[in-house]
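S.K.: My questions concern the predicted model and sequence given below.
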Amino acid sequence: MRWRAMEAEDLDGVVAVARIAFPDHPEGRACFAERLALAPDSCFVLDGARGVAGYLIAYPWPQGAIPPLDTLLGALPESRASWYLHDLALLPEARGGGNARAGLALLFAQVDAPIALVSVNQSAGFWQAQGFVPRESPELRAKLASYGPDARYMIRPAG
């Protein structure tokens, strides 16, 4: 398996992976298509034997803010001072072999700014091992609740 730049032809595969990886947080094809159009240099797919086995989507976004699920953004902020890791998702057969770390390495090589994310599905330990730290925020509590009881807002400092 190998990571490469995401292309429009990959979107059906991305949606299929997302349905398996995040069944409680569905997002439509239009959401993924817009993210790719807005930030093509920070959208990647993991090629597997049967097509898309994983994907990673990130884009500039204000720190301390969470983009709404399954909602079109319209545009990205001009500032590239912080980024948001929208998703890193792998099919079950692509997990456990270093594929997640390899995808993140692509992003970390490109982005020299803080990167935030919302940890779901009890993945906070994985993200902490990648340099992300939990950030408590009363302002984000209501939004995080929509992601489930174990959701955590986390930030990886630049560098």
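M.R.: Ah, there it is.
S.K.: Just the helices from the protein, written as ranges.
M.R.: 11-21, 29-38, 99-110, 124-129, 141-145 (DSSP state H).
S.K.: Distance to Gly64, mean neighbour count and mean pLDDT for those helices - can I get that in a markdown table?
M.R.: Placement of C-beta: from N, CA and C, glycine included. As requested, those are exported to a markdown table (distance: least, Cβ to Cβ, whole Å; neighbours: other Cβ atoms under 10 Å; pLDDT from 0 to 100):
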| stretch | distance to Gly64 | mean neighbour count | mean pLDDT |
| --- | --- | --- | --- |
| helix 11-21 | 25 | 18 | 96 |
| helix 29-38 | 20 | 18 | 97 |
| helix 99-110 | 20 | 16 | 96 |
| helix 124-129 | 17 | 14 | 95 |
| helix 141-145 | 11 | 13 | 84 |
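S.K.: just so I know, which of these lies nearest Gly51?
M.R.: Relative to Gly51, the nearest member of the helices of the chain by Cβ to Cβ is helix 11-21, separated by 4.9 Å.
S.K.: check contacts around Ala102.
M.R.: Residues in contact with Ala102 (Cβ atoms under 8 Å, 6 or more residues apart in numbering) are Trp3.
S.K.: one step back: adding distance to Tyr55, write the helices of the chain out as TSV.
M.R.: Formatted as TSV, the helices of the chain follow (distance: least, Cβ to Cβ, whole Å):
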stretch	distance to Tyr55
helix 11-21	5
helix 29-38	8
helix 99-110	8
helix 124-129	16
helix 141-145	23
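S.K.: Nearest to Val45 among the ones you listed would be which one?
M.R.: Distances from Val45 to each of those were compared using Cβ to Cβ; the minimum, 6.7 Å, belongs to helix 11-21.
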